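Asks: here's my sequence, what's the structure:
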Amino acid sequence: MDAIGGSSESGSGEIGPQLSRNGFYREEESCVKHVSALGGGGSRNTSPLGRVGSRNTSPSRQKVIKTPRGLDEETVTTFGKAVQPDVQMEDNIWAMLPEDLLIEILARVPPFMIFRLRSVCKRWNSILLDSSFLKFHSQVPSHGPCLLTFWKNSQTPQCSVFSLPLKTWYRIPFTFLPPWAFWLVGSSGGLVCFSGLDGLTFKTLVCNPLTQRWRTLPSMHHNQQRQLIMVVDRTDRSFKVIATSDIYGDKSLPTEVYDSKLNSWSLHQIMPAVNLCSSKMAFCDSRLYLETLSPLGLMMYRLDTGYWEHIPAKFPRSLLDGYLVAGTQKRLFLVGRIGLYSTLQSMRIWELDHAKFMWVEMSRMPPKYFRALLRLSAERFECFGQDNLICFTSWNQGKGLLYDVDKKVWSWIAGCALQSYNSQVCFYEPRFDASIY
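Replies: Residues are numbered from 1 along each chain as shown. Predicted coordinates for the structure are as follows:
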């Protein structure tokens with residue numbers, strides 16, 4: 001199935017790259033598509049001048065079948081293709097395009113395609129670095145969600161990005177980063193955050209993978225390994241990094257917040273003494289959430305006030321492991337396994353009722369997906385989300401499963417990038433206009 005496919009008890013969908021005329025291959029059959037850094041040299045001319053245009057495909061029919069299964073209700077969607085005839089591009093039209101019109105056209109090209117366009121001519125390469133292009137690019141709709149996987153191969157940073165709209169894997173060079181022992185913190189608004197050790201010194205860096213630009217943040221007041229999360233505010237082109245407790249459990253450290261507009265860390269309230277369930281955090285509606293065992297419930301940090309609050313939201317019974325996932329607006333999800341025995345286990349998704357401080361079950365993973373994702377009851381998995389999309393990855397099976405909360409659709413993610421040993425994965429929104437300052 002070429003598009004995002006739904007699933008029911010009798011069928012399944014898969015998100016995976018397809019063989020196409022412009023050189024996209026299934027990753028199972030060949031390596032991922034390499035993307036060069038912006039501004040790099042390339043001898044191959046990919047100009048549309050005199051070339052045959054790419055085949056234009058679009059869904060021609062859509063069949064929706066609803067299978068009522070209580071909490072397991074899903075939507076099954078199938079897509080068909082209507083092949084349009086190839087159109088010959090006119091050389092004189094592309095050669096005579098006004099500058100402002102060319103900038104607006106390029107700003108609407110998918111970000112990963114722009115890397116190929118840079119080698120068309122010097123004029124196009126200079127436009128892609130121009131402030132006018134970045135301004136237009138910031139105004140067009142987002143490319144859509146992507147999955148960024150990061151790992152190290154022989155101490156060399158490796159990165160692959162899977163575009164959900166294009167259903168294609170891209171390899172992005174990460175050799176521009178310093179040779180530290182760092183790990184992935186997360187991504188927001190086109191920026192990616194890492195933290196790690198430069199010798200014995202703890203450092204935090206922020207980068208834009210598309211522009212290949214990065215910088216190190218100033219040292220914290222209490223500069224040691226901390227639990228970090230980054231949030232980007234696109235309205236004022238700034239970002240913040242929140243540092244909570246020490247990863248080794250030191251509860252005496254104050255919360256620190258980095259503001260890119262001030263280029264400094266500020267000290268805030270020490271998180272009250274609690275026993276955390278997990279180091280995983282979720283940020284939504286200007287609030288940071290963590291799971292706690294004692295007292296039972298959630299700890300919430302308000303970014304506007306700088307204070308912590310306890311939310312007495314009890315967890316569902318027989319919850320084995322839970323992950324907090326932030327949705328759109330104020331939606332906060334809890335994802336985890338239920339059951340004490342392998343034959344009775346299931347993966348479920350709850351949503352927090354902010355008024356009643358209760359977790360309300362909203363969906364369950366179909367058994368066939370659960371058995372394929374976690375073949376053993378003791379297997380570990382990772383879970384993260386963005387914009388009401390929840391992704392599951394299995395440490396041992398090397399598989400990725402995507403769930404659309406709004407459409408209630410389960411889909412496998414194809415490709416070998418998720419199968420890399422010890423890889424770290426997060427959602428990523430590619431943006432050229434995301435500034436590291």
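Asks: what sits opposite residue 382 in the beta ladder?
Replies: Beta-bridge pairing for residue 382 (DSSP bridges): residue 393.
Asks: I'd say it and residue 423 touch.
Replies: No: the pair residue 382 and residue 423 fails to qualify as a contact (C-beta atoms under 8 Å) at a distance of 9.9 Å. Every C-beta, even on glycine, is put in place using the N, C-alpha and C of the backbone.
Asks: look at these two and report which has more neighbours.
Replies: Legend: neighbour count by other C-beta atoms under 10 Å for residue 382 and residue 423, higher for residue 423 (20 against 16).
Asks: how near is that one to residue 275?
Replies: 30 Å (C-beta to C-beta, to the nearest Å).
Asks: can you check residue 219 too?
Replies: Remark: distance between residue 219 and residue 275 (C-beta to C-beta) = 29 Å.
Asks: paired strands for the host helix or strand of residue 349, with orientation please.
Replies: If you go by DSSP states H and E, residue 349 is part of strand 346-353. Using DSSP bridges, strand 346-353 pairs in its sheet with strand 332-338 (antiparallel), strand 358-364 (antiparallel).
Asks: dump the residue contacts of the nearest residue to residue 352 once chain neighbours are set aside.
Replies: Among residues not flanking residue 352 along the chain, residue 332 sits closest, at 4.4 Å (C-beta to C-beta, 6 or more residues apart in numbering). Neighbour list for residue 332: 282, 284, 289, 324, 325, 326, 351, 352, 354 [criterion: C-beta atoms under 8 Å, 6 or more residues apart in numbering].
Asks: partners of residue 332 in the sheet?
Replies: What pairs with residue 332, by the bridge criterion (DSSP bridges), is residue 326.
Asks: same check on residue 413?
Replies: With DSSP bridges as the rule, residue 413 is bridged to residue 15, residue 400.
Asks: just checking, it touches residue 149?
Replies: No: taking contacts as C-beta under 8 Å, residue 413 lies outside contact range of residue 149: 10.3 Å.
Asks: and for those two, which residues touch both?
Replies: Common neighbours of residue 413 and residue 149 (C-beta under 8 Å, 6+ apart) are residue 162.
Asks: please pull out the lowest mean pLDDT helix or strand from this protein.
Replies: Every helix and strand in the chain was compared by mean pLDDT, DSSP states H and E; the lowest is strand 74-81, with a mean of 35.
Asks: confidence score at residue 154?
Replies: On the pLDDT scale, residue 154 is placed at 70.
Asks: ugh, wrong one, residue 47
Replies: Looking at residue 47, its pLDDT reads 39.
Asks: now the helices for the stretch 251-400 of the chain?
Replies: Under the criterion DSSP state H, counting those that start in this stretch, helices of the stretch 251-400 of the chain are mapped to 367-373.
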